[in-house]
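Asks: need a 3D model of the sequence below.
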Amino acid sequence: MEKYKIDELVFGANYYSIEDLRYNQKLSIMMSKDELSDFFNEKDKLIQEGEERIFKLPLKTFNSKCCYYVKGQYLSEKINEYMSTYLEDMEVYQKSIFDRHTDDMLMSRLYSEVEGTLNVENVNTTHKRVKEIYQKQELKDRNDIIIKNMLDAVKYIFNDRPTFNKDNLLKLYNILSKDCLDEEDMLKEGAYYRDDTVFIGDFDGAPVSEIEKCMDSLFAFVNDAENIKKYGLLLPHICHYYMVYVHPYFDYNGRTARMVSFWLNILYKIPAAPLFISEAINDNKKDYYKALVNTRLMHNDLTYFLGYILEVATKYSLLYKNLENINDSLEKSGDSLTSTEMGYLKKIIVHNADGYFNYKTFLEYIQGSMTKAGALKILNSLTEYGLLEKSTNKKKEAIYKVNQSIITYKYSE
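Replies: Numbers count the residues shown, from 1 in each chain. As a prediction, the model looks like this:
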C-alpha cells in the first residue's frame with residue numbers, strides 16, 4: 001500500500017473502522033481482505049519503528065501485540081475541541097463547569113448508572129428513589145440495594161481517595177456488587193478475580209492465566225507518576241477500556257470500569273476531567289459499544305474509544321453550560337425547574353436538540369414508561385416555561401421542539 005495512503009488513513013482527519021474500510025462505497029475505500037491485512041501490517045511496522053504519533057501503552061495484552069492509540073489529526077482535533085471548550089469556560093468563570101456543578105454531576109452519574117442498569121420505570125422514579133436511599137430510607141428490593149451500593153462506592157472514592165491497587169479495587173468491586181450477584185457470578189473465597197472464562201459479546205475476556213498479569217500491568221501503569229503527566233486527560237479512559245478488555249470479574253465489569261475512570265480522575269485531580277461520562281454513555285449506549293467493538297476489532301487501537309470519549313465530553317460540556325444558562329434565565333424571571341424537570345429537559349436536548357418529537361418519542365428519550373397524560377403534562381409544563389415550542393402535525397397530535405433561543409452553545413458535527 002502506498003505510503004501517502006497509509007498516512008492519510010492512519011494520521012488523517014478521519015479514523016475509519018473495519019466496516020468503513022471494507023464496505024463503505026461512499027468513502028470510496030472498499031478494501032479486500034488482503035488489502036486490509038496489508039493495512040494492519042503497515043500499522044504494525046509504524047508501531048515497531050517507534051512512530052512518534054503512535055503511543056504504545058505499557059499494558060499487557062492477550063490477543064494482540066500491544067494496546068496503543070494514534071495522535072494524528074483526528075484525535076488531536078478531538079482533544080483540541082474539548083480543551084477549547086473547557087478553557088473558554090475557565091476564562092469566563094475562573095472555575096470549571098465540573099467544579100460549579102459537582103453535586104449535580106455526581107447525582108446525575110448515579111441516576112444514569114441506575115437507569116442504564118435497572119430499566120426503572122422513568123426518570124422521576126429513579127431520581128426520587130436515589131434521594132430517598134441517600135437519605136437512608138429502608139431498602140425495599142434488589143434495585144434499592146444496587147442504588148445503595150453505588151452511593152457507597154462514590155462515597156468510598158470521593159471521601160477516602162484510596163490508592164489504586166489490587167486490594168482497593170477488590171474493595172470497590174465488593175461494594176458495588178454486595179448482595180447483588182448470583183451464586184455462579186461470585187468470586188471464590190480469597191480470590192481477586194474470576195476463575196473461569198467470560199464472553200463480552202463476540203469477544204473473550206482475558207484467559208484466567210493472564211488476568212493477574214494484565215491487572216498488575218494496569219496498577220503499574222496508573223501508579224507511575226510519569227504516565228499521569230504523559231497521558232493526562234486520557235489516562236482514566238485508557239484504564240476504562242482496559243478494564244472492559246480484561247474483564248476480570250464474571251459480572252459488574254462495565255460498572256466497575258466506569259467507576260475506575262471516575263476514581264482516577266478524582267484521585268489524581270486530572271485537569272479538565274469530564275465527570276459525566278457515565279451519564280453520556282447511558283444516553284447513547286450504541287455509540288459506546290461501537291467504540292469498544294472498533295477498538296477491539298482493530299487490534300486494541302484505542303483511538304476509536306478515546307475519540308468517542310472526547311466527543312461526548314465536548315457535547316456534555318456544552319450541554320451543562322446550556323443548562324446553566326437556562327437556570328440563570330429562569331431565576332431572573334422568578335422561576336425555577338425541579339431536579340426532575342431539569343432531568344427531563346436534559347434528556348430532550350441530548351436526544352433531539354433541534355427537531356420535533358411527540359410524547360411517545362419523549363418516553364423513549366427518558367427510557368421509561370408513564371401515561372400519555374403524564375408525559376403531556378411534563379411537556380406542556382416545559383412549554384409554559386418557554387423551553388419548548390408546541391405545534392401540531394397532520395394527524396392533529398401535539399408535537400414539541402426545543403426553543404432554539406435557549407441553546408446558546410451548539411455542537412458542530
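Asks: give me the buried positions along stretch 227-235.
Replies: 227-228, 231, 233-235 (16 or more other C-beta atoms under 10 Å). Backbone N, C-alpha and C define where each C-beta goes, glycine included.
Asks: neighbouring contacts of it?
Replies: Residues outside stretch 227-235 that contact it (C-beta atoms under 8 Å, 6 or more residues apart in numbering) are 55, 58, 69, 79, 82-83, 221-222, 238, 264, 268, 270-273, 306.
Asks: pLDDT of that stretch, averaged?
Replies: Averaging pLDDT along stretch 227-235 gives 96.
Asks: stretch 290-302 too?
Replies: The average pLDDT for stretch 290-302 rounds to 96.
Asks: so Y68 sits in a strand?
Replies: Yes - in this structure, Y68 lies within a strand as judged by DSSP: H, G, I helix; E, B strand; the rest coil.
Asks: roughly how far does it sit from A280?
Replies: 24 Å (C-beta to C-beta, to the nearest Å).
Asks: picking that back up, which of the contacts of stretch 227-235 fall in strands?
Replies: Residues of those located in strands (DSSP state E): 55, 69.
Asks: quick check on the contacts of stretch 227-235: which are buried?
Replies: Of the members of the contacts of stretch 227-235, the ones counted as buried by neighbours, 16+ other C-beta under 10 Å, are 55, 69, 79, 82-83, 221-222, 238, 264, 268, 270, 272-273, 306.
Asks: top helix in this structure by residue count?
Replies: helix 303-332 (DSSP state H).
Asks: what's that helix packed up against?
Replies: The helices and strands touching helix 303-332, judged by 3 or more C-beta pairs under 8 Å, 6 or more residues apart in numbering; DSSP states H and E, are strand 67-70, helix 73-93, helix 97-100, helix 235-246, helix 277-283, helix 285-297, helix 339-351.
Asks: and if we set it to 6 Å?
Replies: For helix 303-332, the packing partners by 3 or more C-beta pairs under 6 Å, 6 or more residues apart in numbering; DSSP states H and E come out as strand 67-70, helix 73-93, helix 235-246, helix 285-297.
Asks: for the record, mean pLDDT for the shortest one?
Replies: The average of the pLDDT scores along strand 67-70 is 98.
Asks: sorry, back to before: with respect to G355, which of the buried ones among the contacts of stretch 227-235 is nearest?
Replies: Lowest distance from G355 to these (C-beta to C-beta) belongs to Y82, with 25.1 Å.
Asks: correct me if wrong: that closest one contacts V312.
Replies: No - the pair Y82 / V312 is not scored as a contact, 9.5 Å apart, by C-beta atoms under 6 Å.
Asks: tell me the confidence at I54?
Replies: pLDDT for I54: 98.
Asks: residues near it, how many?
Replies: Using other C-beta atoms under 10 Å, I54 has 21 other residues around it.
Asks: residue contacts, it?
Replies: Listed by C-beta atoms under 6 Å, 6 or more residues apart in numbering, the contact set of I54 reads 46-47, 68, 70.
Asks: where in the protein is pLDDT low?
Replies: Where the chain drops to pLDDT under 70, the residues are 1, 109-127, 413.
Asks: give me the domain ranges for it.
Replies: 3-51, 75-318, 350-406 (automatic domain parsing).
Asks: show the end-to-end separation of the first one, please.
Replies: Separation of the first and last residues of domain 3-51 by C-alpha to C-alpha, to the nearest Å is 14 Å.
Asks: how far off centre is that domain?
Replies: 26 Å (C-alpha atoms, centre = their mean, to the nearest Å).
Asks: check stretch 313-320 too.
Replies: 12 Å.
Asks: would TSV of the helices and strands packed on helix 303-332 with distance to L318 be doable?
Replies: TSV is the format used below for the helices and strands packed on helix 303-332 (distance: least, C-beta to C-beta, whole Å):
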stretch	distance to L318
strand 67-70	24
helix 73-93	6
helix 235-246	19
helix 285-297	17
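Asks: do you know which of these lies nearest F40?
Replies: helix 285-297 (10.7 Å).
Asks: for that closest one, buried residues please.
Replies: For helix 285-297, a neighbour-count test (16+ other C-beta under 10 Å) marks 288, 290-296 as buried.
Asks: let me know the closest of these to E364.
Replies: Y288 (17.5 Å).
Asks: wait, the closest one sits on I281?
Replies: Yes - taking contacts as C-beta under 6 Å, Y288 lies within contact range of I281: 4.6 Å.
Asks: may I see the buried residues of the helix or strand harbouring S209?
Replies: Assigning secondary structure by DSSP states H and E places S209 in helix 208-222. Neighbour counts over helix 208-222 (16+ other C-beta under 10 Å) mark 211, 214-215, 217-219, 221-222 as buried.
Asks: quick one: which of the residues you listed is nearest S37?
Replies: Using C-beta to C-beta, C214 comes nearest to S37 of the buried residues of helix 208-222, at 26.6 Å.
Asks: state the distance from that closest one to P58.
Replies: 12 Å.
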